[in-house]
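In: This is a predicted model, with the sequence first.
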Amino acid sequence: MGPSHPAMHGTIRIMLELDGERILNSEVEVGYLHRGFEKTCEHRTYFNLLPYTDRLNYVSPLINNLGYVMTMEKLMGVEVPERAQYIRVIMSELSRISDHLTCLAAMAMECGAFTVFLYKMKAREFIWDVIEQTTGARMTTSYIRVGGVRADLHPDFDTVLKKAVTETRQVLKDVHGLLDKNKIFLNRTRDIASISAEDAINFGWTGPCLRSAGVYYDVRKAHPYLVYDRLHFEVPLGERGDNYDRYMVRMKEMEQSLRIVEQAAVRIPRTPGAVMADGIEPAEAIRASRTQRVRERIKLSPNLEGSEKVVVKGILARKPGCAVPPKEDTYTSIEGLIRHFKFFMRGHGIRPPKGEVYFAVEGGNGELGFYIVSDGSDKPYRLHLRAPCFHIVSALEFLIRGRYVADVIPTFGSMNMIGGELDR
Amino acid sequence: MAMEKTALLALLEQKFPHDVEAAFTDLGDEVVIIQKEALIPVVKFLYGKPHEYTLLLDITCVDYLGQEPRFEMVYHLLSLAQNKRLRLKTRLSEKELRIASLTELWKNANWLEREVYDLFGVEFEGHPDLRRIFMYDGFEGHPLRKDYPLRKRQPRIRLRE
């Protein structure tokens, strides 16, 4: 099976040794999407490698941004403003929902439930509308930055979010009705490829797959980061660790994520509104700054929407050398221009102290950890990603041994293998 | 680098006086540097009760080109019972680039060690199936080593049957 097979979500090859329909032995071959992520990062500055993290788990890029950025913040000791922390929580939970939706949509489709696929894609579009409105991109966001986030929430954020939450809830309800007691789905998933808690731990599983085997471990609860300890949510657990439990845990987790998003959206500290106000043209500001201090607002290019100087205080840490300084300063003062220029200059910019650090966040698939070794320069000496689905896929051979060929499909689907993250 | 010692670190130093080179907390993470011969005993000690570091989070390697010993293996362990992580490090010299395999204790060590073998060329003694995992058979060199150039090209290989 594979590397290009309609039921393989990424490029992965499963060699099967069969006796009729029964799988005697198998061998999983990965690496088709290996693009040297870690090697590339060693040759990029800390600021420039952020877009590469988007491409690791491309259905939840915001969590990948967050994992990298928080590792850097741990190394540099940066305090993030509270508003930015809430924005990060909202964004990573929305990403988690879109991650789970994609995984289950594909899994359901492969089991023949095409309607479910379409419903879930519809819900995912609503989630991505929210993400796109604020970050400017659907998938490759690069939105979460060292020190905070790139731009403030869009003024219409609440309305769009409310719509997405309502629509997603409805879709979840529909899907529960369509699949939970569906005989065809149950036959393909119930008691198929079950894993015991001991085996799951031994294989290094984390995230929804580990929890489906009944092990209570969620990085958000075990090592709380951001403001997760102030929000109420539950960690759904499974019992048997089979395909059905992996489906169920993901479904329930999405409901919890919606809960978190709703709470965070209410509790987020308000700031004086980020409206793109009319201002004077940059050229005009530069001319005026030769003779007097410019106090008017300056019109920025639309791609900087949300990162005006007025709002940037609430969403980015003020520690020098960790975030891009406000653009307005470059037009009106020489110091501002130099600071901005130096941030992007080779050898300057983000320069964490010497040392090494490991930090993990709860990604869509489990513990997403970054291990960074810094030699004090502006490039990482070594950057390593602990990809959660690497460990999960490594158990595939074990899970499908002795089962039928048709069981490979839902088993593989429930694992949520993401090529970008697995092969790096 | 704060040099304060947690109870576990002190215990490890006491239990393996000759093998533990250093034990300290770094940015809140517990770090233990050991001799490479002691890997299995230390890991087995941590695996058992009462510590129960039963989840192998990660195995990776760092190439400190120009230093001796050149390579450093880095293991991250997680104890679900105690809700703690631990980083275990050991140095390997280029001449003797081999270390004991952890495949007996953890099943995911199989792929993790294959990854390190593929990208760094470290050999694992006792590994059942030490092959490349990301790169293809016939690839020359180990791409994550510091002396492997970023843009090096290798000849195309024939399509497999």
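Out: Thanks, I have the structure now.

In: C-alpha from now on. contacts and neighbour counts both.
Out: Will do.

In: Apart from its neighbours in sequence, what residue is nearest the residue of chain B at minimum distance from chain A?
Out: Here chain B gets closest to chain A at one residue, residue B:134, 4.0 Å apart by CA to the nearest CA. Distances taken as CA to CA, 6 or more residues apart in numbering or on different chains place residue A:31 nearest to residue B:134, at 4.0 Å, with adjacent residues excluded.

In: need the contact list for the one you found.
Out: Counting by CA atoms under 8 Å, 6 or more residues apart in numbering or on different chains, residue A:31 makes contact with A:12, A:422-423, B:133-135.

In: Need the buried ones from the residues you listed selected in PyMOL.
Out: Restricted to buried positions by 16 or more other CA atoms under 10 Å in any protein chain shown, the PyMOL selection for these reads:
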select buried, (chain A and resi 12+422+423) or (chain B and resi 133+134+135)
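
In: Where does residue 58 sit: helix, strand or coil?
Out: Since no chain was named, I'll use chain A. Classification of residue A:58 by DSSP: H, G, I helix; E, B strand; the rest coil places it in coil.

In: I was after chain B.
Out: Secondary structure, three-state DSSP: residue B:58 is strand.

In: OK, contacts around it?
Out: A:386, B:74-77, B:112.

In: hey, where'd the helices end up in the stretch 1-150 of chain A?
Out: A:37-42, A:50-54, A:61-76, A:82-110, A:114-135 (DSSP state H, counting those that start in this stretch).

In: on that earlier part again, okay, the residue nearest to residue B:134: pLDDT?
Out: Residue A:31 carries a pLDDT score of 83 in this model.

In: do the one 10 residues further on as well
Out: Reading off the per-residue confidence, residue A:41 sits at a pLDDT of 88.

In: cool, residue B:76 as well?
Out: 92.

In: what pairs with it across the strands?
Out: Beta bridges link residue B:76 to residue B:58, residue B:87, judged by DSSP bridges.

In: Quick check: the gap between it and residue A:268.
Out: According to CA to CA, to the nearest Å, residue B:76 stands 35 Å off from residue A:268.

In: Compare the two (neighbour count), which wins?
Out: residue B:76 (20 against 15; other CA atoms under 10 Å in any protein chain shown).

In: thought that one was touching residue B:59?
Out: Yes. Residue B:76 lies in contact with residue B:59 (CA atoms under 8 Å); the separation is 6.5 Å.

In: OK, contacts around residue 116?
Out: The chain I'm using is chain A. For residue A:116, the contacting residues are A:105, A:108-109, A:175, A:178, by CA under 8 Å, 6+ apart.

In: That was the other one, I meant chain B.
Out: Going by CA under 8 Å, 6+ apart, residue B:116 touches B:59-61, B:122.

In: can I get the contacts of residue A:31 in CSV with pLDDT and distance to residue A:94?
Out: Formatted as CSV, those follow (pLDDT from 0 to 100; distance: CA to CA, whole Å):
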residue, pLDDT, distance to residue A:94
A:12, 83, 27
A:422, 85, 22
A:423, 84, 24
B:133, 87, 33
B:134, 87, 31
B:135, 84, 34
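
In: mind giving me CSV with the contacts of residue A:31 and columns for secondary structure?
Out: Shown next, in CSV, are the contacts of residue A:31 (three-state DSSP):
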residue, secondary structure
A:12, coil
A:422, helix
A:423, helix
B:133, coil
B:134, coil
B:135, coil
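
In: Looking at the contacts of residue A:31, which is nearest residue A:44?
Out: Distance to residue A:44 across the contacts of residue A:31 (CA to CA) is lowest for residue A:423, with 19.4 Å.

In: Torsion angles phi and psi at residue B:68?
Out: Main-chain dihedrals, residue B:68, degrees, to the nearest 10: phi -130, psi 130.

In: my read: it touches residue B:96, true?
Out: No. The criterion here is CA under 8 Å, and residue B:68 misses it with residue B:96 at 11.7 Å.

In: if we can go back for a sec, nearest to residue A:125 among the contacts of residue A:116?
Out: Nearest to residue A:125, judged by CA to CA, of those is residue A:105 at 12.8 Å.

In: Next, find the distance separating the closest one from residue A:408.
Out: 16 Å.

In: Do you know the pLDDT at residue A:72?
Out: 90.

In: How about residue B:22: which residues does it bridge to?
Out: Beta bridges link residue B:22 to residue B:33 when assigned by DSSP bridges.

In: how much space between the residue nearest to residue A:131 when sequence neighbours are not counted and residue A:315?
Out: Of all residues not flanking residue A:131 in the chain, residue A:138 sits nearest, at 6.4 Å (CA to CA, 6+ apart). Taking CA to CA as the measure, residue A:138 falls 21 Å from residue A:315.

In: quick revisit: looking at the helices of the stretch 1-150 of chain A, which is closest to residue B:33?
Out: helix A:61-76 (19.9 Å).

In: Chain B: strands as residue ranges?
Out: B:20-26, B:29-34, B:55-63, B:71-79, B:84-92, B:98-100, B:123-125 (DSSP state E).

In: Kindly report the same for the stretch 251-400 of chain A.
Out: A:355-362, A:367-374, A:380-386 (DSSP state E, counting those that start in this stretch).

In: Any chance of CSV for the ones you listed, columns mean pLDDT, distance to residue A:37 and mean neighbour count?
Out: Below are the strands of the stretch 251-400 of chain A laid out as CSV (pLDDT from 0 to 100; distance: least, CA to CA, whole Å; neighbours: other CA atoms under 10 Å in any protein chain shown):
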stretch, mean pLDDT, distance to residue A:37, mean neighbour count
strand A:355-362, 90, 17, 22
strand A:367-374, 91, 13, 23
strand A:380-386, 91, 9, 23
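
In: Throw these into JSON lines and include distance to chain B, thanks.
Out: Below are these laid out as JSON lines (distance: least, CA to the nearest CA, whole Å):
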{"stretch": "strand A:355-362", "distance to chain B": "7"}
{"stretch": "strand A:367-374", "distance to chain B": "8"}
{"stretch": "strand A:380-386", "distance to chain B": "6"}
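
In: Including distance to residue A:101, could those strands go into JSON lines?
Out: Listed next are the strands of the stretch 251-400 of chain A as JSON lines, based on distance: least, CA to CA, whole Å:
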{"stretch": "strand A:355-362", "distance to residue A:101": "16"}
{"stretch": "strand A:367-374", "distance to residue A:101": "19"}
{"stretch": "strand A:380-386", "distance to residue A:101": "23"}
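
In: Number of residues surrounding the residue nearest to residue B:111 when sequence neighbours are not counted?
Out: In space, and not counting its chain neighbours, residue B:111 is closest to residue A:394: 6.7 Å by CA to CA, 6+ apart. Neighbours of residue A:394 under the rule other CA under 10 Å: 23.

In: For residue A:23, see how far away the most centrally placed residue in chain A is.
Out: The centroid of chain A falls nearest to residue A:63 when counting by CA atoms, centre = their mean (2.3 Å). According to CA to CA, residue A:63 stands 36 Å off from residue A:23.

In: which of the strands of chain B has the lowest average pLDDT?
Out: Set side by side, the strands of chain B differ in mean pLDDT, and strand B:20-26 is lowest with a mean of 81.

In: Report all helices and strands that that strand contacts.
Out: Applying 3 or more CA pairs under 8 Å, 6 or more residues apart in numbering or on different chains; DSSP states H and E, one finds that strand B:20-26 makes contact with helix B:7-15, strand B:29-34.

In: what's in contact with the last one?
Out: By that I understand strand B:29-34. Contacts for strand B:29-34 (CA under 8 Å, 6+ apart): A:357-358, B:9, B:19-25, B:85-90.

In: And for stretch A:82-96?
Out: Residues from elsewhere that reach stretch A:82-96 (CA under 8 Å, 6+ apart): A:59-63, A:66, A:127, A:131, A:144, A:148-149, A:153, A:226-228, A:254, A:257-258, A:260-261, A:264-265, A:268-270, A:314-316, A:363-364.

In: hmm, 7 Å instead?
Out: A:60, A:62-63, A:127, A:148-149, A:226-227, A:257, A:261, A:264, A:268-269, A:314-316, A:364 (CA atoms under 7 Å, 6 or more residues apart in numbering or on different chains).
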